[in-house]
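Student: This is the structure alone, sequence omitted:
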DNA sequence: CGGCATATACCGACGGTCGGTACGTTGCCG
DNA sequence: CGGCAACGTACCGACCGTCGGTATATGCCG
């Protein structure tokens, strides 16, 4: 299935620069205009999953006063996946917009069932 | 959570004209260029759910040789929801595209964690 | 010292999709 | 004429990503 919005925003946040988990969380909140607030459970589960999928990789780890900061970075595969997702979003948006504007639009065959 | 792709395509298919379940299934396959094939389980569950949510309504029912055809139609709420979804897709696509093009792009504050 | 921000991590619950199956009719092909 | 695909609706268990909450630890501020 196509990636979902929280995952999409995580990739988008990391497309700017490597960030650690908590930084991703704040970046996503900011990028989405406050619309999306990543839960800790969603965040770290997604980070692990995307890393396992090869879309992310651990850039480096910093220790600041006993607090670990694990920085994640987008891999080439991750950047490609995000670019593909952008294309998909645009195509879907254009498709729906056309159909909203002009009922029984292109793809007429799809509209005459029998 | 934002609606997912299968649900999005069901709304898009119905934005053109009222269709019955099976017609929606074929329209979605066609609209997506064969990329998405709705499962029967997904289709009818989504149809019921969207109807319960007020985004769809039953337009009419036809009986063709003992085969029932239940036509669904987009409500005003459904059309509005789809239009909102289009805006969201476009905004997200633009956001990610900008960040892919120009690392450490706008929203700099989100990028300097500490 | 209590509470909040930082920071990572695990957990059960929930909901949408997947994959399969069921059941009935019609039409094509072997 | 027998089987198989297409049509058409409907239900089921399984899976997976997200949600919401909790745990743990440190530093800063009131």
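Tutor: That came in fine, so what should we check first? Everything quoted here is computed from the prediction, not taken from an experiment. Numbering: from 1, shown residues only, chains lettered A, B, ... in the order given.

Student: Where does the prediction get shaky in chain A?
Tutor: Within chain A, the stretches with pLDDT under 70 are A:1, A:104-114.

Student: Quick check: buried residues in the helix ranked longest in it?
Tutor: Looking across chain A with DSSP state H, the single longest helix is helix A:76-101. Within helix A:76-101, the residues that qualify as buried are A:78, A:81-82, A:85-86, A:88-90, A:92-93, A:95-97, A:99-100, counting by 16 or more other C-beta atoms under 10 Å in any protein chain shown. Where C-beta positions appear, they are placed from N, C-alpha and C, glycine not excepted.

Student: DNA strand C: which of those residues is nearest?
Tutor: Using C-beta to the nearest atom of the strand, the shortest approach to DNA strand C within the buried residues of helix A:76-101 belongs to residue A:92, at 12.8 Å.

Student: Next one: that closest one from residue A:99, what distance?
Tutor: Using C-beta to C-beta, to the nearest Å, one gets 11 Å for the distance from residue A:92 to residue A:99.

Student: Kindly list the main-chain dihedrals of the residue of chain A found nearest DNA strand D?
Tutor: Using C-beta to the nearest atom of the strand, the single residue of chain A nearest to DNA strand D is residue A:41, 2.0 Å away. Per-residue torsions, residue A:41: phi -60, psi -40 (degrees, to the nearest 10).

Student: interface residues of chain A facing DNA strand C?
Tutor: Contact residues, chain A versus DNA strand C (C-beta under 7 Å from any atom of the strand): A:1, A:20-23, A:26, A:40-41, A:44-45, A:48, A:64, A:67-70.

Student: And those residues, which of them are buried?
Tutor: Looks like the residues of chain A next to DNA strand C have A:20, A:21, A:22, A:23, A:26, A:69 buried, using 16+ other C-beta under 10 Å.

Student: Narrow these to those in strands?
Tutor: Among these, the residues falling in strands (DSSP state E) are A:20, A:69.

Student: Adding distance to residue B:54, write the buried ones among the residues of chain A next to DNA strand C out as a markdown table.
Tutor: Converted to a markdown table, these look like this (distance: C-beta to C-beta, whole Å):
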| residue | distance to residue B:54 |
| --- | --- |
| A:20 | 42 |
| A:21 | 38 |
| A:22 | 39 |
| A:23 | 39 |
| A:26 | 35 |
| A:69 | 46 |
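
Student: State the pair within the buried ones among the residues of chain A next to DNA strand C that is farthest apart.
Tutor: Based on C-beta to C-beta, the longest span within these runs between A:26 and A:69 and measures 13.0 Å.

Student: what two of the residues of chain A next to DNA strand C have the greatest distance between them?
Tutor: A:1 and A:64 (37.3 Å).

Student: element containing the residue nearest to residue A:96 when sequence neighbours are not counted?
Tutor: Excluding the flanking residues, the one nearest residue A:96 by C-beta to C-beta, 6 or more residues apart in numbering or on different chains is residue B:12, at 4.4 Å. Using DSSP states H and E, residue B:12 sits within helix B:5-16.

Student: now residue A:36: how far from residue A:5?
Tutor: Distance from residue A:36 to residue A:5, by C-beta to C-beta: 7 Å.

Student: now do residue A:101
Tutor: Counting by C-beta to C-beta, the gap from residue A:101 to residue A:5 is 25 Å.

Student: Over to residue A:13?
Tutor: Counting by C-beta to C-beta, the gap from residue A:13 to residue A:5 is 12 Å.

Student: These two: who's more crowded?
Tutor: Taking neighbours as other C-beta atoms under 10 Å in any protein chain shown, residue A:13 and residue A:5 compare with residue A:13 leading, 29 against 18.

Student: That's all I had, so thanks and see you.
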